[in-house]
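Peer 1: any chance you could fold what I've pasted below:
(one chain, ligands or ions: 1)
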Amino acid sequence: MKIQSYDELKHSKYRLSLMLLLFLNIAVSLFCLAPMIGLAKSEMTLPVILVTLLSAALLALYLIKPKLKLPLLNPVAFILGALWAWHINYRYHLVFYFDGSFLIISLLSVFFISAIALSDYLLAFCLNITPPVLTVLLLDNGEHLALILLTIALPLIGFSLQHLMRRRTDHFTLRLMHQLYEEKENFSDLSMLDPLTGLYNRRGLKNRLDNILDNHAGSHYVLLLDIDHFKAYNDNYGHAMGDQALARVSIAIRDAVRSRDVVTRYGGEEFLVLMTNVNASIAMKLAERIRQYVVDLEIPHRFNERVSTHVTISAGIAPIYDNEFDQAVANADRALYVAKNQGRNTILAWEDLPKSNVISSSEAH
Ligand SMILES: Nc1nc2c(ncn2[C@@H]2O[C@H](COP(=O)(O)OP(=O)(O)OP(=O)(O)O)[C@@H](O)[C@H]2O)c(=O)[nH]1
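Peer 2: Numbering: from 1, shown residues only. Below is the predicted model:
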């Protein structure tokens, strides 16, 4: 789950609470209007009609526009609470026999709706119950104070404790999610790196490539590099030394190019450098610098037949035309092959190959 989808979940919870509040208000207000449909003695008052109309209109709006993101919960909770307070005040003056039960029942109905719909929203809950609570306290004038306070205090304490617990759980969930997300990012980064050299692997290259080709319109070059006679190096110096040589060559390549160039361990002893926004001559200069840096490492290689007594590399270089990366790699590989045949420790540009060595795009496809 992403942080974004967690936010969406929170928003949908908010929306559902608001819709539930509206629905319950419609249900209770319709009950008050029941005589019109023949169920009970009429309690129809202007505030009840307003509750019905307002709730129905907002509920319809939310049903029609499910993506609506308006922070209406608090104001709506307050307005509905105020309308019920108005209704209680109005009806109170029509009660003949007063033993406090009308006020208590009115309070309990408001608490009932509020506790069900607004259990996750303490502020909205308080805004919703405050007008009826104050109205009831004023109307009662202290005659049933203890009973009314108990009616208010019990749900309020229970609600606050529950709210606190839920806040802690939410906080914990969010922290856990952030942590998991960070770890996932770390794993994802690691899975793009080659463990021996610390360079990008093919996966990392693909990731960078998509970004570069989509966002940088300039000319880009592919440089394919291969260590010369590395099998002989391994056979004679051992695999562990071979690993060390690979790691040192990787550092030399990284040092020789610009920070924006993407250096990849493309295969066992093969590297690919993606050079962005360069022209042919700069690309060639960078490639030549890599070759020189590797020679300068002076890693002894007595079996680098007829080439050198040190480790060397050969390379092929090719431009990327029309974002055709695979074709550019194939062209660079062709140039590398010729460079190897020409004696190694050599850089060759695909564009400079004799015609017989150049595979056209159409042939390659
Ligand atoms: N030590 C070590 N050797 C590796 C690794 N990956 C590939 N190699 C070795 O690299 C060698 C590549 O040999 P070849 O493909 O025959 O080429 P080469 O000997 O370099 O000859 P040319 O490329 O023609 O100059 C093989 O011996 C592989 O075992 C690695 O991670 N560590």
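
Peer 1: do stretch 321-341 and the ligand come into contact?
Peer 2: Yes - residues of stretch 321-341 are located near the ligand by C-beta under 6 Å from any ligand atom, namely residue 340. In short, each C-beta sits where N, CA and C put it, glycine included.

Peer 1: buried residues, that stretch. List them.
Peer 2: Of the residues in stretch 321-341, those buried under the neighbour-count criterion (16 or more other C-beta atoms under 10 Å) are 324-325, 327-340.

Peer 1: closest to the ligand among those?
Peer 2: Taking C-beta to the nearest ligand atom as the measure, residue 340 is the one of those closest to the ligand, at 5.2 Å.

Peer 1: from the ligand, how far off is the closest residue to that closest one other than its chain neighbours?
Peer 2: Leaving aside its chain neighbours, residue 340 sits nearest to residue 314 (5.2 Å; criterion: C-beta to C-beta, 6 or more residues apart in numbering). The spacing between residue 314 and the ligand, counted by C-beta to the nearest ligand atom, to the nearest Å, is 7 Å.

Peer 1: quick check on residue 314: phi, psi?
Peer 2: With angles defined as degrees, to the nearest 10, residue 314 shows backbone torsions of phi -120, psi 160.

Peer 1: where in the stretch 251-365 of the chain is pLDDT low?
Peer 2: For the stretch 251-365 of the chain, residues meeting the criterion pLDDT under 70 lie at 355-365.

Peer 1: those strands in it, which residues are they?
Peer 2: Counting by DSSP state E, counting those that start in this stretch, residue ranges of the strands within the stretch 251-365 of the chain are 262-265, 270-275, 313-319, 347-349.

Peer 1: reformat the ones you listed as CSV; add mean neighbour count and distance to residue 220.
Peer 2: What follows is these, written out as CSV (neighbours: other C-beta atoms under 10 Å; distance: least, C-beta to C-beta, whole Å):
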stretch, mean neighbour count, distance to residue 220
strand 262-265, 24, 10
strand 270-275, 23, 6
strand 313-319, 26, 7
strand 347-349, 23, 14
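
Peer 1: okay, those strands in JSON lines with distance to residue 218 next?
Peer 2: Formatted as JSON lines, these follow (distance: least, C-beta to C-beta, whole Å):
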{"stretch": "strand 262-265", "distance to residue 218": "14"}
{"stretch": "strand 270-275", "distance to residue 218": "10"}
{"stretch": "strand 313-319", "distance to residue 218": "11"}
{"stretch": "strand 347-349", "distance to residue 218": "18"}
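
Peer 1: the residue nearest to residue 340 is in contact with residue 228, isn't it?
Peer 2: Yes - taking C-beta atoms under 8 Å as the contact criterion, residue 314 and residue 228 are neighbours in contact, 5.8 Å apart.

Peer 1: pull up the overlap in contacts between the two.
Peer 2: Applying C-beta atoms under 8 Å, 6 or more residues apart in numbering, one finds that residue 314 and residue 228 are jointly contacted by 340, 344-345.

Peer 1: what residues does the chain have near the ligand?
Peer 2: The interface of the chain toward the ligand, taken as C-beta under 6 Å from any ligand atom, is made up of 196, 226-232, 234, 239, 242-243, 246, 268-269, 340, 344.
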